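**Student:** Structure here, sequence nowhere to be found:
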């Protein structure tokens, strides 16, 4: 049965005053696939270790399935939390075969050895390793070892699965294939899943909901679409993928929340109107542009907003991605076009307001 997770004002400090988590609150519904996204040092690993019971919390409260597992007085140990974990480094017993590693997760169910072997073999079959059950971990590839770790987590039948960057040690092609398998198998199990990563593409591909962490704080929680189309801050916008950002002048904001971006400098060809999530005062502002919010075009077309010079071009199969220098404003990357523009060409850049986000310019020193 899938478990509901409620985290209330969770903070975690270490000896010496280092604070890894700061007043984190979230509510994860049963069966939800939550991905915690953030850079190194953002607190995502500490948060998942607190959920698992590996770390003791400093303040706050955690409930799993309606049961308080951590607060100021209570700390339920990991083995009593009825959860499974998939680790970055696989964490398999080296002296046990793949089948025995999977069966080990059933030891507390008091099943017969024959039933444990049968269940373990059936789960290995589900992850595509049915023929490798007698091999030891050192006889398996990295991808095969991670499949064994996934099978061990799934066979336990717990209502909560925690995944600690399980794909980070694998090559790009294998990561993509195993990502699809993890998504399908975990969702078939019906378990609530908390998965951490620093890869925004992986987060968006897997998640029902994404939580973005910055310096130990949960700065935004929403669907992948909400995080991408309505970033709560410049940090969230940057960490979830930008072509670049421009310092601009914001004009008046109308009743619908639309702001005029006034052309400033030689790189600008025409004005732009952008929706702002927050109030942006007139004057200096940041215009943050997604790769989906910019397209290459001919300067003679007359419908471009910026003019720049192609600095680099890369073939991506479906077309070409360009790096374009906008005079006085810096470089924009990932500018897609079906045709190749040559290095040194002057090109027009057409902006799509749905892929542009404007924020107040941060104060000096912030």
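**Tutor:** Yep, that arrived. None of these values were measured; they are calculated from a predicted model. Numbers count the residues shown, from 1 in each chain.

**Student:** low-scoring pLDDT stretches of the protein, where are they?
**Tutor:** 1, 263-265, 301, 363-366 (pLDDT under 70).

**Student:** Against which helices or strands is whichever helix in it runs longest packed?
**Tutor:** The single longest helix within the chain, with elements called by DSSP state H, is helix 172-189. Counting by 3 or more CB pairs under 8 Å, 6 or more residues apart in numbering; DSSP states H and E, the packing neighbours recorded for helix 172-189 are strand 33-37, helix 142-155, strand 160-164, helix 200-206. For every residue, glycine as well, the C-beta is placed using N, CA and C.

**Student:** Make TSV from these and add mean neighbour count to it.
**Tutor:** Formatted as TSV, the helices and strands packed on helix 172-189 follow (neighbours: other CB atoms under 10 Å):
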stretch	mean neighbour count
strand 33-37	24
helix 142-155	24
strand 160-164	24
helix 200-206	19
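
**Student:** Residue 127 reaches residue 152, doesn't it?
**Tutor:** No. Taking CB atoms under 8 Å as the definition, residue 127 is not a contact partner of residue 152, at 9.9 Å.

**Student:** list the residues that contact both of these two?
**Tutor:** Counting by CB atoms under 8 Å, 6 or more residues apart in numbering, no residue touches both residue 127 and residue 152.

**Student:** where along the stretch 51-200 of the chain do the strands fall?
**Tutor:** Using DSSP state E, counting those that start in this stretch, the strands of the stretch 51-200 of the chain run over 59-64, 67-70, 84-86, 160-164, 192-197.

**Student:** follow-up on the earlier one: so which bits of the longest helix of the chain are buried?
**Tutor:** Across helix 172-189, burial judged by 16 or more other CB atoms under 10 Å covers 174, 175, 178, 179, 181, 182, 183, 185, 186, 189.

**Student:** Need the nearest residue in space to the fifth one, chain neighbours excluded.
**Tutor:** Nearest residue to residue 181, sequence neighbours excluded (CB to CB, 6 or more residues apart in numbering): residue 127, at 7.0 Å.

**Student:** what about that neighbour, distance to residue 188?
**Tutor:** Counting by CB to CB, to the nearest Å, the separation of residue 127 from residue 188 is 11 Å.

**Student:** The nearest residue to residue 108 once chain neighbours are set aside and residue 63: what is the separation?
**Tutor:** Leaving aside its sequence neighbours, residue 108 sits nearest to residue 79 (CB to CB, 6+ apart; 8.0 Å). The gap separating residue 79 from residue 63 is 18 Å, by CB to CB.
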